[in-house]
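Visitor: sequence first, then the predicted structure, then my questions.
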Amino acid sequence: MRSNGWSGCWGVEQPFEQGSRLFEEFLLLSLSDHSLAKTAQAYGEEQRKREEEWAREAHNLERQRTVKPPRRLYGSIDGERVHIRGEAGAADALWRELKVGAWFITSAHPPAHPGDQWSIRAETIHYYTDICAAEDFGSLFWTTGFQHHAQLAVELIILGDGGRWIWDLVEEHYPHTIQIVDWLHAYAYLEPVATAALPNLAQRNEWVTLLLTS
């Protein structure tokens, strides 16, 4: 059993003390929170070195000339506040925004007609994440994109929740990207827009239903 891999995983997803308890409960092996912390930190250092290597490769112009451009590449960026360790009494410092991105492709093809159904399943998904300022995350966005030849893609599509910081990063690093607000967040705006624009309840329902089914 690769206990180091499991301990690194639990050290990332929850506090080390809690992760240590879960590790023993599920695997019947004892691992102190200190050992869990060291393992998680080692994984973090390994990932840092990997990202530095990606950054160096992003400036390799010769490599860019020798790869086959992907036909269509998808990316997604989001952020979520997470609880982290901080100084006692500094409640505000215990919450930071964890920024997450992903690159993926799909073998599904667009429908022949706009009204046809189109089922898209993401394939070969690669995630990247960091707790940092948006401008710092932009560097990771660029270097991970380079690993997937995003700069050469015939069609590059980025999905997001509409956050300004997301589209600012897209405009800075991949300005020719097709930008799409993901369905869940776009759907949340339909009812408020209908209420503001249409006075009649029946009209609002008809308009929302039309958008949902078109």
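Guide: Cool, the structure landed. Numbers count the residues shown, from 1 in each chain.
Visitor: going forward, measure contacts between C-alpha atoms and count neighbours the same way
Guide: Fine.
Visitor: return the helix or strand in the chain with minimum mean pLDDT.
Guide: Ranked by mean pLDDT, DSSP states H and E, the helix or strand of the chain with the weakest confidence is helix 3-13, at a mean of 44.
Visitor: ok but residue 103 is inside a strand, no?
Guide: Yes. Under DSSP: H, G, I helix; E, B strand; the rest coil, residue 103 sits within a strand.
Visitor: look up phi and psi at the closest residue to residue 173 other than its chain neighbours.
Guide: Computed as CA to CA, 6 or more residues apart in numbering, the closest residue to residue 173 that is not its neighbour in sequence is residue 142, at 6.3 Å. As for residue 142, its main-chain torsions (degrees, to the nearest 10) stand at phi -70, psi -50.
Visitor: from residue 195, how far off is residue 142?
Guide: Going from residue 142 to residue 195 by CA to CA, to the nearest Å gives 40 Å.
Visitor: these two: which is more packed in?
Guide: Neighbours were counted for residue 142 and for residue 195 using other CA atoms under 10 Å; residue 142 has more, 20 against 14.
Visitor: wait, the more buried one touches residue 172, no?
Guide: No. Counting by CA atoms under 8 Å, residue 142 does not reach residue 172; the two are 9.6 Å apart.
Visitor: what's the domain layout of the protein?
Guide: Using automatic domain parsing, the domains assigned to the chain come out as 1-57, 70-181, 185-214.
Visitor: just the buried residues of stretch 153-160, please?
Guide: 153, 155-160 (16 or more other CA atoms under 10 Å).
Visitor: the residues you listed in strands, which ones?
Guide: Counted as lying in strands by DSSP state E, out of the buried residues of stretch 153-160, are 155-160.
Visitor: got the buried residues for the longest helix anywhere in the chain?
Guide: What stands out as the longest helix in the chain, according to DSSP state H, is helix 33-57. By 16+ other CA under 10 Å, the buried positions in helix 33-57 come out as 33, 35-37, 39-40, 43, 51, 54-55, 57.
Visitor: what's the closest of the residues you listed to residue 69?
Guide: residue 57 (16.4 Å; CA to CA).
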